[in-house]
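K.L.:
just a sequence and a predicted model for now, questions to come.
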Amino acid sequence: MKASIAIQVLPDAANDEELIRIVDEVIAYIKSTGLHCHVGPFETTIEGEDYDQLMDIAKECQHVAIRAGAKHVSAYIKVVYQPEGEVLTIDRKITKHAEA
């Protein structure tokens with residue numbers, strides 16, 4: 001992997017159920033990209049070979065949230081990019097901590 005991002009999408013929502021519905025739509029979009037991802041309680045991590053593709057996905061997450069009904073959306077994004085070599089993968093970071 002050349003890059004990974006972690007994105008936390010925070011849509012403006014009327015209540016918790018609406019917030020979860022909008023975030024679920026964003027997660028469904030991320031999964032539809034076919035890239036390896038891990039959904040956590042605060043953020044979703046996505047990894048891939050193409051830095052620009054990951055940045056486009058981060059941008060599209062905002063559009064998905066708005067189309068899903070959010071009046072506005074904030075996001076926190078963490079990026080790791082190494083054009084030469086490899087970044088640590090999701091699996092390598094968390095496998096030893098996974099519940100049996």
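P.N.:
Structure received.

K.L.:
and the contacts of the lowest-mean-pLDDT helix or strand in the chain?
P.N.:
Ranked by mean pLDDT, DSSP states H and E, the helix or strand of the chain with the weakest confidence is helix 90-94, at a mean of 91. Residues outside helix 90-94 that contact it (C-beta atoms under 8 Å, 6 or more residues apart in numbering): 4, 36, 37, 38, 45, 47. Yep, even glycine has a C-beta here, placed from its N, CA and C like the rest.

K.L.:
in it, what's buried?
P.N.:
residue 90 (16 or more other C-beta atoms under 10 Å).

K.L.:
can you check the pLDDT for residue 89?
P.N.:
In this prediction, residue 89 carries a pLDDT score of 93.

K.L.:
that one: what's it in contact with?
P.N.:
Contacts of residue 89 by C-beta under 8 Å, 6+ apart are 1, 4, 36, 47.

K.L.:
mind putting those residues into TSV with neighbour count and pLDDT?
P.N.:
Below are those laid out as TSV (neighbours: other C-beta atoms under 10 Å; pLDDT from 0 to 100):
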residue	neighbour count	pLDDT
1	18	85
4	25	97
36	14	97
47	21	97
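
K.L.:
residue 75: which of those residues is nearest?
P.N.:
Nearest to residue 75 among those is residue 4, at 15.8 Å by C-beta to C-beta.

K.L.:
now name the helix or strand holding the closest one.
P.N.:
strand 3-11 (DSSP states H and E).

K.L.:
tell me the buried residues in the helix or strand just after that strand?
P.N.:
The element immediately downstream of strand 3-11 (helix or strand, assigned by DSSP H and E) is helix 16-32. Buried residues in helix 16-32, counted by 16+ other C-beta under 10 Å: 19, 22, 23, 25, 26, 27, 29, 30.
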